[in-house]
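K.L.:
need a 3D model of the following:
(one chain, ligands or ions: 1)
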Amino acid sequence: MTFELYKLPYDLNALEPFISEKTLRFHYEKHHTGYVNTLNSLIKGTDLENKSLEDIILATEKESSQQAIFNNAAQTWNHTFYWQSLSPHAGNNIPDGDFKEAVSRDFGSIENLKEELKKAATTQFGSGWAWLILESGKLKVVKTSNANIPLHHQKPLLTIDVWEHAYYLDYQNRRLDYVQSILDNLINWNFAIQNFHQI
Ligand code: MN
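P.N.:
Coordinates of the predicted model:
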């Protein structure tokens, strides 16, 4: 099986002015495409070829000899998830319902949740990801390094890419400004809600 590049659900300039078309073009057409193509070439002719992306990730993450496959599979997955975590029509409020109640229960308020995401995103040393996850029925914010995904007893609901390639053209070293801009303007709460309700 050959993995296809996930099709962006919006135009390359749709996230401007918060994420430029230039950044999105490099990020999607070079980085994400590169991970998919490398993954396909690495699994070709191996017994991983017919597995799902999630199964490849779980099968390779503890095997140092399969680090390259894990990295490219996980980055393929992470970017598909990240594009959906952003939306040009985000809106700053969480619609009423079970998810909003869980945010109040576990964080106190949406503002506190955003602060936690900001803290995770800005304190991740080096490349990685900040996540909102569901674990044992509770919402939590976690960070991971490099390609790692909280995918065992956790269900990811949202992610923010904090690799430099996600923001350097627009924000240079100012990761905080990129994260703040995303949190204020682009976070797709409806995607989190959809994941929250998915069994
Ligand atoms: Mn990236």
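K.L.:
where exactly do the strands run in this structure?
P.N.:
128-135, 138-145, 154-161 (DSSP state E).
K.L.:
dump these into JSON lines; add mean neighbour count, distance to Gln180 and mean pLDDT as well.
P.N.:
In short, each C-beta sits where N, CA and C put it, glycine included. JSON lines is the format used below for those (neighbours: other C-beta atoms under 10 Å; distance: least, C-beta to C-beta, whole Å; pLDDT from 0 to 100):
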{"stretch": "strand 128-135", "mean neighbour count": "22", "distance to Gln180": "12", "mean pLDDT": "98"}
{"stretch": "strand 138-145", "mean neighbour count": "17", "distance to Gln180": "15", "mean pLDDT": "98"}
{"stretch": "strand 154-161", "mean neighbour count": "22", "distance to Gln180": "11", "mean pLDDT": "97"}
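K.L.:
of these, which is nearest the ion?
P.N.:
strand 154-161 (4.3 Å; C-beta to the ion).
K.L.:
the closest one packs against which elements?
P.N.:
helix 67-85, helix 110-123, strand 128-135, strand 138-145, helix 189-197 (3 or more C-beta pairs under 8 Å, 6 or more residues apart in numbering; DSSP states H and E).
K.L.:
against which helices or strands is the last one packed?
P.N.:
Helices and strands touching helix 189-197, by 3+ C-beta pairs under 8 Å, 6+ apart, are helix 67-85, helix 98-107, strand 128-135, strand 154-161.
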